[in-house]
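[1] Here is my input; please provide its structure:
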Amino acid sequence: MEMVRLKCGFENSIDVGSVGSKERISLGWKGNFLVHLKSFSSFHIDAEIHDDECDVVWRLMGFYGNPEEKNRRESWDLLRRLGQEQTAYWIVLGDFNEIIHSFKKKGGRLRAERQMEDFRMALDDCGLINVGYVGRWFTWERGRVLSTNIRERLDRGVATLNWFNLCPQYQLEHLTHSFSDHCPILLDTLGKKRASRIKDKPFRFEAKWCLEDSLEEEIKRFWNDSPGGVPDKLGGLGQQLQSWSNFQAKCKRKNRLMLEDRLNCLNELDPTDEILGEITDIQLELNLEADQEEIFWEQRARVNWLKNGDRNTSYFHKVAVQRQIRGQIKEIEG
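    All right, here's what the predicted structure looks like:
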């Protein structure tokens with residue numbers, strides 16, 4: 001979880017391991033004063049969010065339903081107890097390990113109506129309403145051939161009516177994935193109101209460029225074709241590499257989007273062995289791209305950052321400043 005937090009830029013977090021399962025729940029955030037932790041257990045993290053955009057405090061809960069069917073009612077009792085401390089604005093996100101209706105499942109054995117009714121009653125008792133979604137209908141899948149394929153919507157968001165009024169432009173999206181059997185869900189409280197911000201960044205050589213076969217040829221071509229001395233060539237090379245990197249990133253992004261679109265289309269079709277086989281091929285290709293990105297982050301992030309960065313903010317910033325100072329070129333000798 002530390003690596004994921006570093007990639008997202010979260011300075012603070014709490015990680016809780018689930019009892020009797022490899023699963024864990026985690027909450028990460030930026031800034032010390034935006035999140036106030038209320039309570040946590042192996043199956044939930046409850047926090048207050050100090051929202052500067054709305055200038056209000058609302059309640060966010062990450063929830064993990066008990067994976068054991070016989071213990072599922074304990075999860076709903078926990079949700080009811082937490083719901084007694086009711087606030088005006090409350091949203092719950094997570095893997096509930098249960099579906100609301102039988103049509104939210106395809107394949108496998110039928111879900112008992114009593115189980116689904118228990119889940120629906122727990123949500124009603126807490127005043128929680130399904131927030132809907134954008135993207136494919138299922139969030140969990142198992143089985144790569146038609147005879148064993150199972151699809152369910154186990155991950156969801158539910159909220160109180162007042163939370164809907166607070167964030168009317170929200171959007172919850174089922175994201176494309178290639179690693180886990182669960183797909184990530186992304187909640188954007190601003191939705192269409194979110195404005196894109198572009199910041200000018202100074203040139204920095206990125207370690208991931210070394211993974212590109214065309215890097216060496218690009219440097220040789222520019223250096224041989226450019227006039228002027230070494231300082232002029234170095235200045236121009238930085239701009240050229242940045243343009244080359246942007247072009248490479250656009251090509252990769254275009255290819256990734258094509259693969260994700262194709263994956264989404266395949267997931268909407270009734271599964272066959274051929275379709276499930278193509279889904280596996282696309283996921284492998286996406287995995288290769290993700291592996292390359294993982295190498296980049298492992299090269300960029302020092303072991304001490306992973307070890308101490310999340311526990312000691314002062315240490316983290318000192319290391320960053322020292323790296324910046326060491327990376328400066330103060331003079332060039334001819």
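
[2] Run through the strands of the stretch 101-250 of the chain in chain order.
    Using DSSP state E, counting those that start in this stretch, the strands of the stretch 101-250 of the chain run over residues 105-106, 129-130, 140-142, 150-152, 155-159, 171-174, 185-188.

[3] pLDDT below threshold where in the stretch 101-250 of the chain?
    178, 192-203, 207, 211 (pLDDT under 70).

[4] thinking again about what came up before, can you say which of the strands of the stretch 101-250 of the chain is packed in most?
    Of all those, strand 155-159 has the most neighbours on average by mean count of other CB atoms under 10 Å, namely a mean of 23. (Glycine included, C-beta is placed from N, CA and C.)

[5] and that strand, which strands flank it?
    strand 90-95 (antiparallel), strand 129-130 (antiparallel) (DSSP bridges).

[6] Not counting sequence-adjacent ones, nearest residue to Arg120?
    Nearest residue to Arg120, sequence neighbours excluded (CB to CB, 6 or more residues apart in numbering): Ile100, at 5.8 Å.

[7] Quickly note the distance from the most centrally placed residue in the chain to Thr176.
    Using CA atoms, centre = their mean, the residue of the chain that lies closest to the mean C-alpha position is Pro184, 6.1 Å off. Pro184 is 9 Å from Thr176, where distance means CB to CB, to the nearest Å.

[8] export the strands of the stretch 101-250 of the chain to a markdown table and tack on distance to Arg204?
    Below are the strands of the stretch 101-250 of the chain laid out as a markdown table (distance: least, CB to CB, whole Å):
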| stretch | distance to Arg204 |
| --- | --- |
| strand 105-106 | 47 |
| strand 129-130 | 44 |
| strand 140-142 | 39 |
| strand 150-152 | 43 |
| strand 155-159 | 37 |
| strand 171-174 | 31 |
| strand 185-188 | 28 |
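
[9] Mind listing residues that contact stretch 242-256?
    203, 206, 209, 212, 214, 218, 286, 289 (CB atoms under 8 Å, 6 or more residues apart in numbering).

[10] try 7 Å this time
    Residues from elsewhere that reach stretch 242-256 (CB atoms under 7 Å, 6 or more residues apart in numbering): 203, 206, 209, 212, 218, 286, 289.

[11] What residues does the fourth one make contact with?
    Meaning Glu212. Counting by CB under 7 Å, 6+ apart, Glu212 makes contact with Gln248.

[12] again, but for the fifth one
    By CB under 7 Å, 6+ apart, the contact list for Glu218 reads Trp244.

[13] now the residue nearest to Val134 when sequence neighbours are not counted, which residues is it bridged with?
    Nearest in space to Val134, with sequence neighbours left out and distances taken as CB to CB, 6+ apart, is Glu173 at 4.6 Å. Bridge pairing for Glu173 (DSSP bridges) gives the partners Val134, Leu186.

[14] Check the gap between Glu173 and Ile185 for me.
    Using CB to CB, Glu173 is found at 7 Å from Ile185.

[15] who touches Thr272 in this structure?
    Taking CB under 7 Å, 6+ apart, one finds Leu146 in contact with Thr272.

[16] And the helices in the stretch 101-250 of the chain?
    113-126, 161-166, 215-225, 230-268 (DSSP state H, counting those that start in this stretch).

[17] how about those helices, which one is nearest Cys54?
    helix 161-166 (6.1 Å; CB to CB).

[18] Tell me which other helices or strands the closest one touches.
    strand 56-64 (3 or more CB pairs under 7 Å, 6 or more residues apart in numbering; DSSP states H and E).

[19] List the buried residues for the strand it packs on?
    Judged by neighbour count using 16 or more other CB atoms under 10 Å, the buried positions of strand 56-64 are 58-64.

[20] Let me know the average pLDDT across stretch 7-26.
    Mean per-residue pLDDT for stretch 7-26: 73.

[21] chain center to that stretch: distance?
    13 Å (CA atoms, centre = their mean, to the nearest Å).

[22] Using CSV, list the CA coordinates for it.
    What follows is stretch 7-26, C-alpha atoms only, in CSV (Å, rounded to 0.1, in the frame of the first residue of the first chain):
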residue,chain,number,x,y,z
LYS,A,7,2.3,7.1,-6.6
CYS,A,8,-0.9,9.1,-5.7
GLY,A,9,1.1,11.6,-3.7
PHE,A,10,-0.7,10.9,-0.4
GLU,A,11,1.4,12.0,2.6
ASN,A,12,-0.8,10.5,5.3
SER,A,13,-2.6,7.2,5.6
ILE,A,14,-4.0,4.5,7.7
ASP,A,15,-3.9,0.8,6.6
VAL,A,16,-6.0,-1.9,8.3
GLY,A,17,-5.6,-5.6,7.6
SER,A,18,-8.7,-7.8,7.5
VAL,A,19,-9.0,-10.7,9.8
GLY,A,20,-8.7,-14.1,8.1
SER,A,21,-8.1,-12.6,4.6
LYS,A,22,-5.3,-11.2,2.5
GLU,A,23,-7.5,-8.2,1.8
ARG,A,24,-6.9,-4.9,3.6
ILE,A,25,-8.5,-1.5,3.6
SER,A,26,-6.6,1.8,3.4
